[in-house]
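Enquirer: Sequence below, structure please.
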Amino acid sequence: MPKRAGRGPKPAYSRADIAAAAVRIADAEGLDAVSMRRVAAELGCGTMSLYNYVPRKEDLYELMVDAVSGEHELWEPSGDWRADMLRAAHQTRGLMRRHRWLRRLMSSLYGFSPNALRYLEHCLACLDPLEVSYGTKMELVAMVNSVVTMYVANELATAERARSLPWSEEQESAVRIACLGGRIATGACPRMAAAFAEDAGPIDLEAVFERALGRVLDSFEPRS
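Expert: Numbers count the residues shown, from 1 in each chain. Reported below is the predicted structural model:
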């Protein structure tokens with residue numbers, strides 16, 4: 001979002017102040033709690049005066065995404081593009097865990113703010129050793145971000161459900177496994193039965209995350 005132009009007295013607040021207030025609200029209460037009125041109250045100003053800085057709520061969202069994108073650590077590319085993209089994926093996962101609302105704004109609509117572009121440029125620098133077009137590299141970054149977003153969304157939904165249960169997560173899991181086992185035992189799902197027969201042990205979710213990322217990166221390896 002371009003900076004507000006024009007002459008006049010020095011603004012009472014900066015866009016960074018506004019973004020920080022909105023992020024605090026979203027971190028504490030969720031994205032739906034963020035409104036122009038609520039941010040104005042957080043800053044101690046009138047709602048209408050806030051529109052002089054941020055014309056629309058969508059612009060406020062863009063400022064929020066830019067603010068938290070500034071938390072990305074930029075490192076010297078290692079020369080191993082796969083290792084660097086895995087590092088980027090884990091960093092983005094941590095960012096989305098800290099700011100649980102962020103996954104809802106992971107869109108190209110909010111992806112061209114200064115800090116977001118700085119991070120994208122860094123990812124492209126990490127991909128310099130990969131001999132494919134820049135368009136393909138952009139697709140790779142987008143797909144890695146998609147995997148991270150979906151994985152974190154599932155993590156957060158699972159945690160939220162666990163907090164709302166009137167019993168323990170272990171009890172819930174036991175009931176669900178028993179129900180699933182009963183359905184499979186009817187013979188209606190032979191392929192599911194075969195799948196569970198192959199590996200009935202607990203699922204290592206961290207290993208699943210690593211495999212998902214690895215398969216995405218594999219698909220971009222140049223073929224000789």
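Enquirer: pLDDT score for residue 204?
Expert: Looking at residue 204, its pLDDT is 85.
Enquirer: just the one 10 residues further on next, same as before
Expert: Residue 214 carries a pLDDT score of 96 in this model.
Enquirer: Return the set of buried residues in the host helix or strand of it.
Expert: Element membership for residue 214 (DSSP states H and E) is helix 205-218. For helix 205-218, the neighbour count (16 or more other CB atoms under 10 Å) marks 209, 212, 213, 216, 217 as buried. C-beta: built from backbone N, CA, C; applies to glycine.
Enquirer: repeat for stretch 44-54
Expert: Buried residues in stretch 44-54, counted by 16+ other CB under 10 Å: 45, 50, 53, 54.
Enquirer: Wait, the first one touches residue 21, no?
Expert: Meaning residue 45. No. Residue 45 is not in contact with residue 21 according to CB atoms under 8 Å; the separation is 10.0 Å.
Enquirer: Quick check: neighbours shared by those two?
Expert: Counting by CB atoms under 8 Å, 6 or more residues apart in numbering, residue 45 and residue 21 have no shared contacts at all.
Enquirer: May I have the helix or strand hosting residue 83 as PDB, with CA atoms only?
Expert: Using DSSP H and E, residue 83 sits in helix 81-98. These are the backbone C-alpha positions of helix 81-98, laid out as PDB (Å, rounded to 0.1, in the frame of the first residue of the first chain):
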ATOM      1  CA  TRP A  81      18.900 -24.700  -2.400                       C
ATOM      2  CA  ARG A  82      17.000 -27.600  -0.900                       C
ATOM      3  CA  ALA A  83      18.500 -27.000   2.600                       C
ATOM      4  CA  ASP A  84      17.700 -23.300   2.400                       C
ATOM      5  CA  MET A  85      14.100 -23.900   1.300                       C
ATOM      6  CA  LEU A  86      13.600 -26.300   4.200                       C
ATOM      7  CA  ARG A  87      15.000 -23.700   6.500                       C
ATOM      8  CA  ALA A  88      12.600 -21.200   5.000                       C
ATOM      9  CA  ALA A  89       9.700 -23.500   5.400                       C
ATOM     10  CA  HIS A  90      10.400 -24.200   9.100                       C
ATOM     11  CA  GLN A  91      10.900 -20.500   9.700                       C
ATOM     12  CA  THR A  92       7.500 -19.700   8.100                       C
ATOM     13  CA  ARG A  93       5.900 -22.500  10.200                       C
ATOM     14  CA  GLY A  94       7.200 -20.900  13.300                       C
ATOM     15  CA  LEU A  95       6.000 -17.500  12.200                       C
ATOM     16  CA  MET A  96       2.500 -18.800  11.600                       C
ATOM     17  CA  ARG A  97       2.400 -20.600  15.000                       C
ATOM     18  CA  ARG A  98       3.300 -17.300  16.700                       C
END
